[in-house]
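Q: Let's see this in three dimensions:
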Amino acid sequence: TETPIRVVLRSREPVTSRERRPLLMLQVELMLELTGELLAIAGRGQQEQEQAINRQTALYSLKLLCRSFGAAHQEAFVPVLRAAVDLVTAEGEERNVMGSALLCIAEVTSTLKALAVPQLPRLMPAVLMVLSDRKELLSSEIYLLSAVTALQKVTETLPHFISPYLQVIAVEVTHLTRVVEKASQFPQLGVRLASLRLTLATKLPPRVLLPTVTKCYSQLVCSHQSQLGPLMDILKEHIGHMQRDLLASHQSELTGFFLTALNFRAQHAQDELQKAGETEGHVIDCLLAMVMKLSEVTFRPLFFKLFDWCKTEGAPKDRLITFYRLTDCVADKLKGLFLLFAGHLIKPFSDLLNQTNVTKTDEAFFDSEDNIEKSCLLLQYVLDSLHKIFLYDTQRFISKERAEALMGPLVDQLENTLGGEEEYQTRITKHLVPCIAQLSLAMGDDSQWKTLNYQILLKTRHSSPKVRYSALLLLLELASKLRENYMVLLPESIPFLAELMEDECEEVEHQVQKVIQEMEVILGEPLHSYF
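A: Numbering: from 1, shown residues only. So this is what the prediction gives:
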């Protein structure tokens, strides 16, 4: 006589085939009767000398039966779920058998739906216990994949019943996400985890998920900071799916959370700047998802609350780095709309440009050993924020007064050697030159152009060859932005360029020749007659 397993295996093709014929009720009942025998085989331990492969096959057969007949015969599969949970909770169980049991749990739970709820108090701790045994998990991708699949299916099927376990789920998911990011040998697991994170972000209401994210942040921020990135990504996806009216009702709660999370850099001021920056980047990306859903009326109080947060008396200066990095990102997203809020930033911008310029102050801006690195970072975000403001200014936001407030401190940055040679060159070419050149377009006034051009020309007489060279780079970029409008500035520029043609520094002399050649191309006429 054939064993139950062979019967099921022989019947597997018609059960799973896409073109299977409708089975008579009697045949279905006969197939369902096999569940008892299959459960007996799956439950037999080593005492009965049952081979692990047979137990796995029995569990796989139960999974196939549930997929084929479970929707119409849910009650028949309640004992299957109970038995599978028993296997997962049993001590010393064979790992491959547990993996098959977890996959069976995934299938049966998604089929039983509400009927699986009474099993959750046993099922969820069992699955989470498996996930917490990290050493065992990481030695077998199949076992790990089975556990994550079970968790994903349970979360997807019964999202409103997993609240008691949600914090533990979120922590485990963020940990496994980081593991997969570091190891490239788990591609399938990465896909399954992405699906699980999406389920958490989209299936749970804000009143459930937001308090959980807050608790998880508090738990992870001290000892597992690398997991904060995946946590923020879940929240970002959740905010992206929230309706605007729902977001409005939770904005106060979210604002409180972001004020805490944005303080990460200040709270970890002694950590490596790069690591703090990575976590901060995830927080800012998440906040941007909310910003893009707010109206001008609702964004304004949020922005100025953040502005006050960074400059409150006694607040850590590291908050300034965070705020101006956020400002750069928000300005890039909102473009011209950001100018509605930027007016209050002009004086702080001007002050920070002076306070981080080593030619204007001997005082360290940050009271820490890495003052120079932090000052360079802050200066970079200030320059990039200003560049975005100038770039998207189509409404004459840069008035004469605002231009005068910024022009001098910006041009004086040509002399600022903060951070050393390499840092100086990078700042000049990638941040300062594009920023000032864009300022010239935002001003749109030839009298202001003359003032700006003359201030740059004066730097070509600086005692340092580096500054003279940088001034030439800026002068050329100014000409390329203004194009034919630069003709009115040319007569004033020629004497300075003529001096540099005989500069004692060979690099400066070569650069001025290059500038003159490129200016001739930009302006469309030869310049040799001016010399």
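Q: just to confirm, which helix or strand has Cys216 in it?
A: helix 206-223 (DSSP states H and E).
Q: residue boundaries of the strands in the chain?
A: Per DSSP state E, the chain has no strands. Nothing in it meets that criterion.
Q: Buried residues in stretch 232-251, which are they?
A: 232-239, 242, 247, 250-251 (16 or more other Cβ atoms under 10 Å). All C-beta atoms are positioned from the backbone trio N, CA, C, and that covers glycine.
Q: got the CA positions of stretch 364-377 in PDB?
A: Once non-C-alpha atoms are left out, stretch 364-377 reads as follows in PDB (Å, rounded to 0.1, in the frame of the first residue of the first chain):
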ATOM      1  CA  ALA A 364      37.000  78.000  16.900                       C
ATOM      2  CA  PHE A 365      33.300  77.900  16.000                       C
ATOM      3  CA  PHE A 366      32.700  74.400  17.500                       C
ATOM      4  CA  ASP A 367      34.000  73.600  21.000                       C
ATOM      5  CA  SER A 368      35.400  70.200  20.000                       C
ATOM      6  CA  GLU A 369      38.500  68.500  18.600                       C
ATOM      7  CA  ASP A 370      36.900  68.100  15.200                       C
ATOM      8  CA  ASN A 371      36.000  71.800  15.000                       C
ATOM      9  CA  ILE A 372      37.700  72.200  11.500                       C
ATOM     10  CA  GLU A 373      35.800  69.300  10.000                       C
ATOM     11  CA  LYS A 374      32.500  70.500  11.400                       C
ATOM     12  CA  SER A 375      33.100  74.100  10.400                       C
ATOM     13  CA  CYS A 376      33.900  72.900   6.800                       C
ATOM     14  CA  LEU A 377      30.700  70.900   6.700                       C
END
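Q: what's in contact with the helix holding Cys216?
A: The contact list for helix 206-223, computed with Cβ atoms under 8 Å, 6 or more residues apart in numbering, reads 163, 166-167, 170-171, 174, 200-201, 227-228, 231, 234-235, 238, 242, 246, 250, 253-254, 257, 260-261, 264, 267.
Q: quick one: which of the buried residues of stretch 232-251 is nearest Leu320?
A: Sorting the buried residues of stretch 232-251 by distance to Leu320 puts Met232 at the head of the list, at 21.4 Å, by Cβ to Cβ.
Q: any idea how far the closest residue to Gln56 other than its chain neighbours lies from Ser399?
A: With Cβ to Cβ, 6 or more residues apart in numbering as the measure, Ser100 is the residue that lies nearest to Gln56, at 4.4 Å, once sequence neighbours are left out. As judged by Cβ to Cβ, to the nearest Å, Ser100 and Ser399 stand 72 Å apart.
Q: likewise Pro434?
A: Pro434 is 22 Å from Ser399, where distance means Cβ to Cβ.
Q: between the two, which one's more packed in?
A: Between Pro434 and Ser399, counting by other Cβ atoms under 10 Å, Pro434 is the more crowded of the two (19 against 14).
Q: Excluding chain neighbours, what is closest to the more buried one?
A: In this structure, Pro434 finds its nearest non-sequential neighbour in His387, 5.7 Å apart by Cβ to Cβ, 6+ apart.
Q: To what extent is that neighbour buried, counted in neighbours?
A: 21.
Q: next one: Ile436
A: Counted by other Cβ under 10 Å, the residues lying close to Ile436 total 26.
Q: doesn't Asn453 make contact with it?
A: No: judged on Cβ atoms under 8 Å, Ile436 makes no contact with Asn453 at a distance of 10.7 Å.
Q: Could you tell me which residues touch both of these two?
A: With Cβ under 8 Å, 6+ apart, Ile436 and Asn453 have common neighbours Leu478.
Q: List the residues that contact the residue nearest to Pro434.
A: With contacts defined as Cβ under 8 Å, 6+ apart, His387 is in contact with 431, 434-435, 438.
Q: Now rank the residues you listed by neighbours and give me the top one.
A: Of all these, the most densely surrounded is Cys435 (23 neighbours; neighbours counted as other Cβ under 10 Å).
Q: pLDDT at the closest residue in space to that one that isn't next to it in sequence, what is it?
A: Counting by Cβ to Cβ, 6+ apart, Cys435 lies nearest to His387, which is 4.2 Å off, once chain neighbours are set aside. The predicted local distance difference test score for His387 is 98.
Q: what do you get for the one 4 residues further on?
A: Here the pLDDT value assigned to Leu391 is 96.
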